[in-house]
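got a predicted structure here, sequence first:
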Amino acid sequence: MKPERIERLLREVAAGRVTVEQGLEALRRWPVEDLGFAQVDHHRHLRRGVPEVVFAGGKRPEQTLRIAESLVESGSELLVTRAQSEALALLEERFPCGRANRVARTFSLTGREGTAREEGEGLVAVLAAGTSDIPVAEEAVETARALGSRVVAIYDVGVAGLHRLLPHLETLRDAHAVVAVAGMEGALPGVVAGFTASLVVAVPTSVGYGAGMGGVAALLSMLNSCAGGIVTVNIDNGFGAGFAAALVNRAVAAAARKPS
């Protein structure tokens, strides 16, 4: 449940427009709702400013849908990650105002009363070294957008043809946070960190040949980068990268709004 909704409800009760009993009914699912197979955390938005995110991997499509319904019914925005086609189809049917991204395997429902959110605040830049890295990069894009960030995606700018990155340097410098997604040797984040003063969130992917060890080579390369200002998430973890970048972007944007 979003803090704004609770505040409105309390004001309605205080003004006598809503009875105490009606207020209690509205808060019935708060803070935790027991679905039997899941404990849905409706309190998380109050604690962290971000609602619970549904990881659909390993869940039956019907379970994913039921958790999503619980969150939306409580007034929460919705982000589902790692959803397969059947789960995405169920979510699209139930929430026609939502957005499914089959490349990212995500489903999101943002904005007041399920309407599309307006353009987000600040700027997060998401880079993919190669076309094969795009699914992980798209997960980062969808996550950052769902958390309220304005996002620019720039793809296929890896070190095999570094000149492709140069036309985008102004965007990198304007971004409050940069997500750099790369497989193979994982060199892109270190290069990007040399061009921007912003935090760079490095995402190793499992893209590559045998010696890449399913992304371990890229992970170690990013962890050993000599460039400062890089933090590294787990292999193929576009969600974690987008989440971290959005939190940084939110903080910078909020600081910029404060009067001097």
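That came in fine, so what should we check first? The model shown is predicted, which means the values in this text are computed figures rather than measured ones.

wait, residue 146 sits on residue 108?
Yes. Using Cβ atoms under 8 Å, residue 146 is in contact with residue 108, at 4.6 Å. Where you see a C-beta, it was placed from the backbone N, CA and C, and this is true even at glycine.

list residues touching both of these two?
Common neighbours of residue 146 and residue 108, counting by Cβ atoms under 8 Å, 6 or more residues apart in numbering, are 77, 79.

settle it for me: which of these two has more neighbours?
Legend: neighbour count by other Cβ atoms under 10 Å for residue 146 and residue 108, higher for residue 146 (28 against 25).

dihedrals phi and psi, that one?
Note on residue 146: backbone dihedrals following degrees, to the nearest 10 are phi -60, psi -30.

got the contact list for it?
77, 79, 106, 108, 110.

run the last query once more with 10 Å
50-51, 53, 77-81, 99, 106-110, 117, 120, 239, 242-243, 246 (Cβ atoms under 10 Å, 6 or more residues apart in numbering).

buried ones among the residues you listed?
Buried subset of the contacts of residue 146 (neighbour count, 16 or more other Cβ atoms under 10 Å): 50-51, 53, 77-81, 99, 106-110, 120, 239, 242-243, 246.

of these, which belong to helices?
239, 242-243, 246 (DSSP state H).

now the residues you listed in TSV, with pLDDT and distance to residue 252?
Listed next are these as TSV, based on pLDDT from 0 to 100; distance: Cβ to Cβ, whole Å:
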residue	pLDDT	distance to residue 252
239	97	21
242	97	16
243	97	15
246	96	11
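
the residues you listed: which two are farthest apart?
239 and 246 (10.6 Å; Cβ to Cβ).

which residues are common contacts for the two?
Joint contacts of residue 239 and residue 246 (Cβ under 10 Å, 6+ apart) are 140, 143-144, 146.

nearest to residue 201, of these?
residue 140 (8.0 Å).

helix or strand for that closest one, which one?
helix 134-146 (DSSP states H and E).

for residue 157, phi and psi?
Torsion angles, degrees, to the nearest 10, at residue 157: phi -130, psi 40.

ok, it touching residue 166?
Yes. In this structure, residue 157 is within contact of residue 166 by Cβ atoms under 10 Å, at 8.9 Å.

looking at these two, which one has more neighbours?
A direct count of neighbours by other Cβ under 10 Å for residue 157 and residue 166 places residue 157 higher, at 23 against 9.
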